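>>> Provided below for reference: sequence and predicted model.
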Amino acid sequence: MKVLRAICISLLGLAMLTLVGGAQGGPPDPAELVRIAESLVAQLGLAHQEAVFGMLAPTLNVAKIHAQRVINLIQGKSGPDYNPAVGEIGDGIGALAHAEHFREGIRNTPLASVFLLGIENVIFDLSAPGIGAIHHAKRALQAPDLNRVRLSLRAARAFLYSARGSPLDPVSEGGARAILARLRAGR
């Protein structure tokens, strides 16, 4: 009876691990990882564009609208600083959520050794307290004059540029476009 009970408990435990994906989970779906990386690159491109538009804006108010759009594109609708009043130009999910979703998709898989450092760089460039793109876009919103808004947006743009990276960069040094290029190449 004890042996039967132990077998039943073991089978129940295995069934529960299967239902919740186990500690390791299955290998990530390559097509899903490409889709997430494409969405991340798209949101970063839009955020970079908004930062540039803000740097070139003719008035303080217009520059701050672009700064808020940068925040919206990075944080998405669920972000603490999201403001729908400036209009939604992205997918509403946000670059940071895409990057974090990608990171979780590769965690504890063989792909982590290839992509983890690169995606961590992207997340850092976007959200590092006191220095990331979000920080500088928030500073732009609080700036009292157009020149200071432009300086803050220039710094935000630099972090966005780094997060976006180049498809020719090594994944460990590059940003989202390097990750996407490597995924598309299948290596």
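Right, received. Where do you want to start?
>>> Run a quick neighbour tally on S166.
Neighbour count of S166, defined by other CB atoms under 10 Å: 12. (Glycine included, C-beta is placed from N, CA and C.)
>>> can you check R69 too?
For R69, the neighbour count with other CB under 10 Å is 24.
>>> Could you do R164 as well?
Neighbour count for R164, taken as other CB under 10 Å: 22.
>>> Kindly report the same for I74.
The tally of other residues near I74 (other CB under 10 Å) stands at 31.
>>> for the one 4 residues further on, same thing?
The local packing of S78 (other CB under 10 Å) involves 11 other residues.
>>> ok, it - contacts?
Listed by CB atoms under 8 Å, 6 or more residues apart in numbering, the contact set of S78 reads G94, A97.
>>> mind running it again at 10 Å?
Each residue near S78 by CB atoms under 10 Å, 6 or more residues apart in numbering is listed here: G92, I93, G94, L96, A97.
>>> Quick check: which element contains the second one?
I93 belongs to no helix or strand when assigned by DSSP states H and E.
>>> got TSV for the contacts of S78, with pLDDT, distance to I36 and neighbour count too?
Formatted as TSV, the contacts of S78 follow (pLDDT from 0 to 100; distance: CB to CB, whole Å; neighbours: other CB atoms under 10 Å):
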residue	pLDDT	distance to I36	neighbour count
G92	97	15	15
I93	98	10	19
G94	98	12	25
L96	98	12	24
A97	98	10	21
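>>> What residues sit buried inside stretch 106-123?
By 16 or more other CB atoms under 10 Å, the buried positions in stretch 106-123 come out as I106, T109, L111, V114, F115, L116, G118, I119, N121, V122, I123.
>>> Which one of these is nearest to N83?
Closest approach to N83 among the buried residues of stretch 106-123 (CB to CB): I123, at 22.1 Å.
>>> For A140, see how far away A57 is.
Distance of A57 to A140, given as CB to CB, to the nearest Å: 10 Å.
>>> When these two are compared, which one has more neighbours?
Higher neighbour count among A57 and A140: A140, with 27 against 19, using other CB under 10 Å.
>>> Distance of the more buried one relative to R177?
Note on A140: its distance to R177, by CB to CB, is 25 Å.
>>> and if you look at S152?
As judged by CB to CB, S152 and R177 stand 24 Å apart.
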